[in-house]
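In: I need the structure of the sequence given here:
(one chain, ligands or ions: 1)
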Amino acid sequence: MEIIIQPTPEEASRLAARLVAHALREKPDCVLGMATGGTPVKLYEELVRLHVEEDLDFSRATAFNLDEYVGLPGDHPCSYRYFMEEHLYRHVNISPERVHIPNGMAEDIPAECEMYEAAIRTAGGIDMQILGIGSDGHIGFNEPTSSLASRTRIKTLTDKTRRDNARTFGSVKDVPKHVLTMGVGTIMDSRQVVLLAFGSQKANAIARTVEGPISAMMPASILQTHRVAKIFMDEEAAGLLERKAYYKWVFEGKPDWQKF
Ligand code: F6R
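Out: Got it, this is the predicted structure:
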């Protein structure tokens, strides 16, 4: 794991965007895994800026989103398809046919999940997966006790996650109980993982993810076994890390060519 601590979410997001841009420039037909929620908004803003001002080209890229609410159509303002269109897809030159988001309205949910896994395989697998983290340690919507080998499937959200996500719905009772999400195993298959975490409400999950034991009670902790996992955070999210000074020292001492 590489731990990158920056003073603010803006600075961490800018660095993470540089990494995504580097991946896209190295491999224009890169397969990106995308996350939603409050955390990646600044990263997407920066990617849009790089597209507009520095010609960052998405025309050959493919995108797979992590998850979607069951029962929300793509044009619902709280759906993750709507979120992605608003924050990234409609502002860059990605082809709509290469944008994939699980269909929360599918009648046959197991078939939809199998098709999603097959589409990822057909695209050649995910090169770079962007992740946020829930305050309970979920990645995608793999809530605590999710199988660490799981694949795309339906999951039931915890009350805590529904409360955390109520801000976009207005009221917790309107937050769907079910989601379709890539599994932990699906996420672990990606060739590189870029997780972002901001704010003190993520500090406990980050400390347990980075320094705690690997456990299905903290699904993100499995990233300790990923070959290339970069964890970007602000000072507040880093607040409970025992070895914070060491991680900063390592990052500051890196030669420029290693800092993407
Ligand atoms: C969203 C997702 C979730 C979020 C997590 C954090 O696609 O997969 O794991 O990343 O719930 O959400 P925010 O960023 O809103 O705190």
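In: ok, the closest residue to Pro144 other than its chain neighbours - contacts?
Out: Distances taken as Cβ to Cβ, 6 or more residues apart in numbering put Met217 closest to Pro144, at 4.8 Å, once the chain neighbours are dropped. From N, CA and C alone the C-beta is placed, and that goes for glycine too. By Cβ atoms under 8 Å, 6 or more residues apart in numbering, the contact list for Met217 reads 137, 144-145.
In: can you list phi and psi of Met217 for me?
Out: phi -70, psi -20 (degrees, to the nearest 10).
In: from the ligand, how far off is it?
Out: Here the criterion is Cβ to the nearest ligand atom, to the nearest Å. By it, Met217 lies 16 Å from the ligand.
In: and what of Glu2?
Out: For Glu2, the distance to the ligand - Cβ to the nearest ligand atom - is 19 Å.
In: cool, Met218 as well?
Out: 13 Å.
In: ditto for Leu148
Out: For Leu148, the distance to the ligand equals 15 Å [Cβ to the nearest ligand atom].
In: which SSE is that residue in?
Out: Here Leu148, judged by DSSP states H and E, is contained in no helix and no strand.
In: what is the least confident helix or strand in the chain?
Out: Lowest on mean pLDDT, DSSP states H and E among the helices and strands of the chain sits helix 159-169, with a mean of 93.
In: would you mind measuring from the residue nearest to Pro144 to Ala237?
Out: 19 Å (Cβ to Cβ, to the nearest Å).
In: and the residue nearest to Ala238 when sequence neighbours are not counted, helix, strand or coil?
Out: Nearest residue to Ala238, sequence neighbours excluded (Cβ to Cβ, 6+ apart): Ile5, at 4.6 Å. Three-state call for Ile5 (DSSP: H, G, I helix; E, B strand; the rest coil): strand.
In: bridged to Ile5, which residues?
Out: Met233 (DSSP bridges).
In: for burial, what's the neighbour tally of whatever residue of the stretch 51-200 of the chain ends up closest to the ligand?
Out: When scored by Cβ to the nearest ligand atom, the stretch 51-200 of the chain has Gly132 as its residue closest to the ligand, at 2.4 Å. For Gly132, the neighbour count with other Cβ atoms under 10 Å is 21.
In: nearest spatial neighbour of the residue sitting nearest the centre point of the chain, skipping sequence neighbours?
Out: The centre of the chain sits closest to Leu131, judged by Cα atoms, centre = their mean, with a distance of 1.9 Å. Spatial nearest neighbour of Leu131, excluding adjacent residues (Cβ to Cβ, 6+ apart): Leu195 at 4.3 Å.
In: in what helix or strand does the one you found lie?
Out: Going by DSSP H and E, Leu195 is part of strand 192-197.
In: helices or strands next to that strand in the packing?
Out: helix 9-26, strand 128-131, strand 229-234 (3 or more Cβ pairs under 8 Å, 6 or more residues apart in numbering; DSSP states H and E).
In: mean pLDDT added to these, as a markdown table?
Out: Converted to a markdown table, the helices and strands packed on strand 192-197 look like this (pLDDT from 0 to 100):
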| stretch | mean pLDDT |
| --- | --- |
| helix 9-26 | 97 |
| strand 128-131 | 98 |
| strand 229-234 | 98 |
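In: could I get these in CSV, plus columns for distance to Pro77?
Out: Shown next, in CSV, are those (distance: least, Cβ to Cβ, whole Å):
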stretch, distance to Pro77
helix 9-26, 23
strand 128-131, 22
strand 229-234, 28
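In: deepest-packed of those, please.
Out: Of all the helices and strands packed on strand 192-197, strand 128-131 has the most neighbours on average by mean count of other Cβ atoms under 10 Å, namely a mean of 26.
In: neighbouring strands - and their directions - for that one?
Out: strand 31-34 (parallel), strand 192-197 (parallel).
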